[in-house]
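*Asks:* no letters, just coordinates:
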Ligand code: MF3
Ligand code: CO
């Protein structure tokens, strides 16, 4: 069931989103060559706790996963697309890092992700990241009252195709509100004019993830969570939580 939020509820989600954005900002600032990934998880945990919020990912157990999620953020490095579990390994020069974070404040969820490079960037990685950011912007721009869910996916996939990038099947964006994952599913490919009609009060997480090699396929790591590109090429991920309003889309996960 699709839940419609009041303007007051959207403001409450904006506050949850602000904390998620702050956590991501801190994590990105601290991520450098040699940083243990668990340290990034600790930073996000601290920002969320100090804001009086609760991590949304920790202990979350969706049907596709074998175990509850064991950390506060997802850190997906290089050929990892999404849902990378922070471990004791360290970030290395030239890594492409995607960080996904979610939090609850006063019963409302925020969910956002960013990708960045460490040290000396590979221009191909920069282009890939830029494409997911552009696709996120295009998906958000399509999230206007009267448009359809398919318009969002179409806007995202058009940018993937232009860059020759793959779009992992099955995973995409989602409704969000009192729960992190609500209806509707927001696929990263779509047909214009198809699917649920978007209306004011609908709140969505839009999250393009692109694979550099152009293949849509992924494999799941032995940890049961991390999705890797099947072809071993690098992947990037960008996500915002947004609200559809009479005045157009409103991004809720900004600092
Ligand atoms: N933004 C990711 C998603 O919607 C968050 C995954 S949370 C996790 O799929 F706990 F499942 F990792
Ligand atoms: Co999400």
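*Replies:* Yep, it's here. Values in this document were obtained by computation on a predicted structure and should not be read as measured data. Residues are numbered from 1 along each chain as shown. Ligands and ions are numbered 1, 2, ... in the order given.
*Asks:* only C-alpha atoms from now on, for both contacts and neighbour counts.
*Replies:* Fine.
*Asks:* quick check, pLDDT for the residue in the stretch 151-255 of the chain that ligand 1 sits nearest to.
*Replies:* Using Cα to the nearest ligand atom, residue 173 is the residue of the stretch 151-255 of the chain that sits closest to ligand 1, at 6.2 Å. We have a pLDDT of 98 for residue 173.
*Asks:* and for it, the neighbour number?
*Replies:* If you count neighbours by other Cα atoms under 10 Å, residue 173 ends up with 24.
*Asks:* same question for residue 216.
*Replies:* The number of residues packed near residue 216 is 17, by other Cα under 10 Å.
*Asks:* just checking, it touches residue 166?
*Replies:* Yes - counting by Cα atoms under 8 Å, residue 216 touches residue 166, with 4.5 Å between them.
*Asks:* now do residue 11 against residue 241, distance only.
*Replies:* Note on residue 11: its distance to residue 241, by Cα to Cα, to the nearest Å, is 12 Å.
*Asks:* looking at the two, which is more packed in?
*Replies:* residue 241 (30 against 15).
*Asks:* phi first, then psi, for that one.
*Replies:* Dihedral pair for residue 241: phi -90, psi 130, per degrees, to the nearest 10.
*Asks:* same check on the one 3 residues further on?
*Replies:* In terms of degrees, to the nearest 10, the main-chain angles of residue 244 are phi -90, psi 130.
*Asks:* swap in the one 4 residues further on?
*Replies:* Main-chain dihedrals, residue 248, degrees, to the nearest 10: phi 110, psi -170.
*Asks:* give the burial count for it, as a bare number.
*Replies:* Using other Cα under 10 Å, residue 248 is surrounded by 16 other residues.
*Asks:* now the closest residue to residue 142 other than its chain neighbours: how far from residue 206?
*Replies:* Nearest residue to residue 142, sequence neighbours excluded (Cα to Cα, 6 or more residues apart in numbering): residue 152, at 5.4 Å. Distance, residue 152 to residue 206, by Cα to Cα: 8 Å.
*Asks:* what sits in contact with each of the two?
*Replies:* Common neighbours of residue 152 and residue 206, counting by Cα atoms under 8 Å, 6 or more residues apart in numbering, are 139, 140, 186.
*Asks:* in CSV, list these along with secondary structure.
*Replies:* Output for the shared contacts of residue 152 and residue 206, formatted as CSV (DSSP: H, G, I helix; E, B strand; the rest coil):
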residue, secondary structure
139, helix
140, helix
186, strand
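*Asks:* you'd agree the residue nearest to residue 142 is up against residue 194?
*Replies:* No - using Cα under 8 Å, residue 152 makes no contact with residue 194, being 10.0 Å away.
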